[in-house]
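Enquirer: this is a predicted model, with the sequence first.
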Amino acid sequence: MGPHTSLGVVGGGVGPHPHIGLATVTYLFDGEIQHHDSLGTAQRITPGDVNWMTAGRGIVHSERTPADRIGQMNTIHGLRVGVGLPPSRRRSPSPPSSTPQGQPAPARRGGPQPARRAGILAGRRLADPPGLPHPLRRRRAWPRRQPAPPQRGPRARGVRRRGGRGSLTAAPCTAARLAVLTPSKRARLPTAITRARVAVLGGEPLDGPRYMLWNFVSSRKDRLEQAKDDWIHRRFPTIPGDDQERVPFPGEGA
């Protein structure tokens, strides 16, 4: 996400819009977002926080300019990662979003620690949301090589870099791009010529194909069409206190 800078205004940001069939992880480098959703959750996301939102069978949320940022310039820059849901969670009720702060992960020489069934973000170890053992790890890269996360448990699937110059030994890895790794390759996190921030994404393989239509994800195309129809005909739940507008489906009303 971003970076993009705008003047904070009343009602600024992204209005109510829906999701189904996935979880999203939001991590900010810069800026602040006020999250509201149809479960009644209201959370402020600041740099270093982690926001997990599990859509399941359906959720609506908005990302607004915080009230005390109105009239100020606000730069939004961060990561938004979509996480595939296991079968048991695709149609389950959407659990509340959370912004865990985590505890400092103990330092260890010789490279980063295995993520196992937890994520490590900016040096903090975070418990996974129930039923979603997908690690996400972020670290700063310096002008030296670091071994990639050990291939135990959930596999490292991709590396995304923010800023800096350098290379990943198994695949090209330029700024603001995702390098996709394969299980057969071992890699070292960047030989950085300049300082860089690196996010390593991993998880178990999906249990089958996924289809995507706008903000909707499903293993069934008919479910996507149903979600589209539900949004157009106002059958999704609304957000308490933020229900006076909505983001239309692309081409809606044309």
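Expert: All right, it came through fine.
Enquirer: quick one: mean pLDDT for whichever strand in the chain runs longest?
Expert: If you go by DSSP state E, the chain has its longest strand at strand 73-84. Computed over strand 73-84, the mean pLDDT rounds to 88.
Enquirer: now the element after the helix or strand where Ala199 lies, going C-ward?
Expert: In this structure, Ala199 sits in strand 196-203 according to DSSP states H and E. Toward the C-terminal end, the helix or strand that comes next after strand 196-203 (DSSP H and E) is strand 211-213.
Enquirer: output the contacting helices and strands for that next one.
Expert: helix 221-232 (3 or more CB pairs under 8 Å, 6 or more residues apart in numbering; DSSP states H and E). To be clear about C-beta, it is placed using only N, CA and C from the backbone, and glycine gets the same treatment.
Enquirer: quick one on the thing from earlier: direction included, what does the longest strand of the chain pair up with?
Expert: If you go by DSSP bridges, strand 73-84 pairs up with strand 4-7 (antiparallel), strand 22-30 (antiparallel).
Enquirer: mind putting those strands into a markdown table with mean pLDDT and mean neighbour count?
Expert: Formatted as a markdown table, these follow (pLDDT from 0 to 100; neighbours: other CB atoms under 10 Å):
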| stretch | mean pLDDT | mean neighbour count |
| --- | --- | --- |
| strand 4-7 | 89 | 12 |
| strand 22-30 | 87 | 20 |
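Enquirer: for Arg210, find the nearest of those.
Expert: Nearest to Arg210 among those is strand 22-30 (8.3 Å), distances taken as CB to CB.
Enquirer: compute the inter-axis angle for that closest one and strand 196-203.
Expert: Interaxial angle of strand 22-30 relative to strand 196-203 (axes from the mean of the first three to the mean of the last three CA atoms, to 10 degrees): 170 degrees.
Enquirer: using CSV, list the CA coordinates for strand 22-30.
Expert: Provided in CSV are the C-alpha atoms of strand 22-30 (Å, rounded to 0.1, in the frame of the first residue of the first chain):
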residue,chain,number,x,y,z
LEU,A,22,-9.9,-14.7,2.9
ALA,A,23,-8.1,-13.1,5.8
THR,A,24,-6.1,-9.8,5.4
VAL,A,25,-3.1,-8.8,7.4
THR,A,26,-2.3,-5.0,7.5
TYR,A,27,1.1,-3.8,8.6
LEU,A,28,2.0,-0.1,8.4
PHE,A,29,5.4,1.5,7.9
ASP,A,30,4.0,5.0,8.0
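Enquirer: name the next helix or strand downstream of that strand, please.
Expert: Using DSSP H and E, the next helix or strand after strand 22-30 towards the C-terminus is strand 33-37.
Enquirer: so that following strand versus strand 22-30, what angle?
Expert: 160 degrees.
Enquirer: now what about strand 33-37, what contacts it?
Expert: Taking contacts as CB atoms under 8 Å, 6 or more residues apart in numbering, the residues outside strand 33-37 that touch it are 13, 26, 41-45, 51, 53, 59-67, 76, 97, 239-242.
Enquirer: out of those, which sit inside strands?
Expert: Reading strands off the contacts of strand 33-37 with DSSP E, I get 13, 26, 42-45, 51, 53, 59-64, 76.
Enquirer: out of these, which is nearest to Gly2?
Expert: Ile76 (4.7 Å).
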